[in-house]
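Student: Pasting the sequence and the predicted coordinates here, then a few questions.
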Amino acid sequence: MPTDPHGATSLLGDREETWPVVATRDLHRDDWVVALRRDEIRLPGSEEGPTFGRVVLEHPGAVVVLAVDDEERVLVLLQYRHPGRHRFVELPAGLIDKVGEAPVEVARRELREEAALEAADWADLGTAYSSPGISDELIHYFVARGLTEVDRDFEPDHEEADMEAHWVPFAELYDAVLTGRARDAPLALAVLLAHARGLAGDARGGR
């Protein structure tokens, strides 16, 4: 069990670990970057023990951008999401679907494509697994400032073609997260991290 420098037991840190996979089979896989498979796994150290199945959603990872202007307003997107049956308040985001592309470069691309904006200043808010019980999706979070409008070199389709963009005060977005009116998890995490680290809100003249 890991310990801190003073010898006290510490559990507050994820540890990389892999359990034996004895069989795997695809449930769905096509030319898109997301796939669904079923693994049969076994407890470590039990070579003859029983196996059990786990469904895994393979995901290449994603980025989320909290774009904040000089008036402490955040660019939000209102987008319909069919699985959730809601039009959610979201932030510019996208898949890391090009091999070797740095997350911050993906964030720059998504901010241009979804919001027609470029940012001079980028702050890394950190990373978080979205739902590790079902998926390996790892999201990289950023705050973007020093915004300028640019031409969007992207033609949206499907749900994105119906997407609405709005500027909202950070303080109001923060309240919407705390009161459960804005329930998109990546948006909530980005807002709370930015507020806690003084990158938006109190320390910047907002809430």
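Tutor: Received the coordinates, thanks. Residues are numbered from 1 along each chain as shown.
Student: Flag the shaky bits of the protein, pLDDT-wise.
Tutor: Residue ranges of the chain with pLDDT under 70: 1-9, 154-161, 202-207.
Student: Please enumerate the helices of it.
Tutor: 103-115, 170-178, 185-196 (DSSP state H).
Student: Those: which one's closest to Gly133?
Tutor: With CB to CB as the criterion, Gly133 lies closest to helix 185-196 of the helices of the chain, at 13.8 Å. Heads up, the C-betas are built off the backbone N, CA and C, glycines and all.
Student: tell me which residues in the closest one are buried?
Tutor: Neighbour counts over helix 185-196 (16 or more other CB atoms under 10 Å) mark 186-191, 193-195 as buried.
Student: As a markdown table, these with distance to Gly100 would be great.
Tutor: Listed next are these as a markdown table, based on distance: CB to CB, whole Å:
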| residue | distance to Gly100 |
| --- | --- |
| Pro186 | 23 |
| Leu187 | 28 |
| Ala188 | 30 |
| Leu189 | 26 |
| Ala190 | 25 |
| Val191 | 30 |
| Leu193 | 26 |
| Ala194 | 28 |
| His195 | 33 |
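Student: Could you save the helices of the chain as JSON lines and add columns showing distance to Val56?
Tutor: Output for the helices of the chain, formatted as JSON lines (distance: least, CB to CB, whole Å):
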{"stretch": "helix 103-115", "distance to Val56": "22"}
{"stretch": "helix 170-178", "distance to Val56": "29"}
{"stretch": "helix 185-196", "distance to Val56": "19"}
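Student: what about those, which gets the closest to Asp70?
Tutor: Nearest of the helices of the chain (CB to CB): helix 170-178, 11.8 Å.
Student: can you list contacts of that closest one?
Tutor: If you take CB atoms under 8 Å, 6 or more residues apart in numbering as the criterion, helix 170-178 is touched by 68, 72-74, 76, 89, 182, 187-188, 191-192, 194-195, 200-201, 204, 206-207.
Student: Stretch 105-115 too?
Tutor: Outside stretch 105-115, the residues that reach it (CB under 8 Å, 6+ apart) are 63-65, 67, 75, 77, 92-96, 98, 117-119, 122, 140, 142, 144, 150, 152-154, 156, 160, 163, 165.
Student: please redo it, this time with the cut-off set to 7 Å
Tutor: 63, 65, 67, 75, 77, 92-94, 96, 117-119, 142, 144, 150, 152-154, 165 (CB atoms under 7 Å, 6 or more residues apart in numbering).
Student: from these, which ones fall inside strands?
Tutor: Taking DSSP state E as the definition of strands, the contacts of stretch 105-115 contribute 63, 65, 67, 75, 77, 93-94, 117-119, 142, 144, 165.
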